[in-house]
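Chemist: Sharing a model prediction with you, sequence too.
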Amino acid sequence: MIHLISDLHLSPDQPELLEHFDQYSNTLNPGDDLYILGDLFEYWLGDDAAEFLGHTRVEKVLASLSQRQVQVFFLSGNRDFLLGEDFATRCGIQLISDEHILDLGSKRVLLMHGDSLCTDDIAHQKFRSMVRSPSWQSEFLAKSLATRDAMAKLARYRSEDGKTQKAAQIMDVNEEAVDEVMGAHQVRLLIHGHTHRPAIHEAGPPRNACRIVLGDWTPEPSWVQLTETGLELVFGASRQHLAF
Ligand code: LP5
Ligand code: MN
């Protein structure tokens, strides 16, 4: 079985989120695959900052999954794009890139975090291209943990403040961007997170495409279970199905 989650936004300030993740992890079986589609963490300052941020227990939960033969794949989000190979090695997980193709044999599925699809949000796309550049990242990672933390907190404050002034539509995906990326990868199924608007969007002919949006984990976990014949999206008390 393939499982997909995103947007847990784990933070030591909200220990119940890690409890939920631990409980969810224990429901997965040996041989299962877990895909984390970004924003596992509230924010990430680099792999040398796990202890500073109070995330050592998260490493243990991830490591115990790989010890139980559950393979974990991680695709980073706009909060944890600085998560790297050191962390992955410590936890026994595998990093995958945004726009990852999951090949089910009979079906190819495109996996993304989703923020790159919000192309109407010009401020975010500018911020994204800055912080995703290798030169910006190496400069940032060379700073002290205290400086990085102060910068991240300022960015978080500015982001929350900015969102109060943006229309909801601007913070959703742009349909043309969705069509473009699905066309470029020749897929009919896209699964992403980021917007925290869990849903199954189906586009009839001529596109015959489906876009699945994962939910966040507040107040309850959200996930997708995927097989070759269909999927189930769970959020809150809602369970939605899609047959292929
Ligand atoms: O994350 P969320 O849900 O609040 O909003 C996102 C977009 N915001 C972001 C910014 C992140 O929240 C910040 C993450 C911090 C990561 C820590 C490491 C890196 C530190 C970086 C330090 C510079 O992605 C938001 C979208 C929203 O999703 C919906 O799609 O609208 O986009 C923005 O808010 C764009 C803003 O322009 C971001 C402004 C940040 C300004 C940073 C200036 C800080 C300079 C510090 C210099 C000392
Ligand atoms: Mn996000």
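Modeler: Nice, I can see it. Numbers count the residues shown, from 1 in each chain. Ligands and ions are numbered 1, 2, ... in the order given.
Chemist: Name the nearest residue to the residue of the chain found nearest ligand 2, ignoring sequence neighbours.
Modeler: Relative to ligand 2, the nearest point of the chain is residue 194 (3.8 Å; C-beta to the ion). Placement of C-beta: from N, CA and C, glycine included. Distances taken as C-beta to C-beta, 6 or more residues apart in numbering put residue 114 closest to residue 194, at 3.3 Å, once the chain neighbours are dropped.
Chemist: How much space separates the one you found from ligand 1?
Modeler: Using C-beta to the nearest ligand atom, to the nearest Å, we find residue 114 at a distance of 8 Å from ligand 1.
Chemist: Near that residue, how many residues? Count them for me, please.
Modeler: 29 (other C-beta atoms under 10 Å).
Chemist: That one and residue 215 touch, don't they?
Modeler: No. In this structure, residue 114 is not within contact of residue 215 by C-beta atoms under 8 Å, at 12.0 Å.
Chemist: Which neighbours do the two have in common?
Modeler: Listed as contacting both residue 114 and residue 215 by C-beta atoms under 8 Å, 6 or more residues apart in numbering are residue 193.
Chemist: mind listing what the residue of the chain closest to ligand 2 touches?
Modeler: 6, 7, 38, 39, 77, 78, 113, 114, 115, 117, 118.
Chemist: I figured the third one hits residue 8, correct?
Modeler: No. Between residue 38 and residue 8 there is no contact under C-beta under 8 Å: 9.8 Å.
Chemist: neighbour count winner among those two?
Modeler: For residue 38 versus residue 8, the count of surrounding residues by other C-beta under 10 Å is larger for residue 38: 28 against 25.
Chemist: With adjacent residues omitted, what lies nearest to that one?
Modeler: Nearest to residue 38 is residue 77, by C-beta to C-beta, 6+ apart, at 2.5 Å.
Chemist: Wait, the one you found touches residue 36, no?
Modeler: No. In this structure, residue 77 is not within contact of residue 36 by C-beta under 8 Å, at 9.0 Å.
Chemist: which parts of stretch 116-136 are buried?
Modeler: 116, 117, 118, 119, 120, 121, 124, 127, 128 (16 or more other C-beta atoms under 10 Å).
Chemist: now, which of the residues you listed lie within helices?
Modeler: Cross-referencing these against helices under DSSP state H gives 124, 127, 128.
Chemist: Just the buried residues of stretch 167-182, please?
Modeler: 170, 171, 172, 173, 178, 181, 182.
Chemist: Regarding residue 87, which helix or strand does it belong to?
Modeler: With secondary structure defined by DSSP states H and E, residue 87 is part of helix 85-91.
Chemist: partner strands of the helix or strand just after that helix, parallel or antiparallel?
Modeler: Downstream of helix 85-91, the next assigned helix or strand under DSSP H and E is strand 94-95. If you go by DSSP bridges, strand 94-95 pairs up with strand 71-74 (parallel).
Chemist: who's in contact with the partner strand?
Modeler: 32-36, 40, 62, 65-66, 83, 88, 91-96, 100.
Chemist: Now the buried members of those.
Modeler: 32-36, 40, 62, 65, 83, 88, 91-93, 96, 100.
Chemist: for residue 152, helix, strand, or coil?
Modeler: Three-state call for residue 152 (DSSP: H, G, I helix; E, B strand; the rest coil): helix.
Chemist: picking that back up, I'd like the distance between the residue of the chain closest to ligand 2 and residue 41.
Modeler: 14 Å (C-beta to C-beta, to the nearest Å).
Chemist: Let's see the pLDDT reported for the residue nearest to residue 67 when sequence neighbours are not counted.
Modeler: Excluding the flanking residues, the one nearest residue 67 by C-beta to C-beta, 6+ apart is residue 92, at 7.3 Å. Per-residue pLDDT puts residue 92 at 97.
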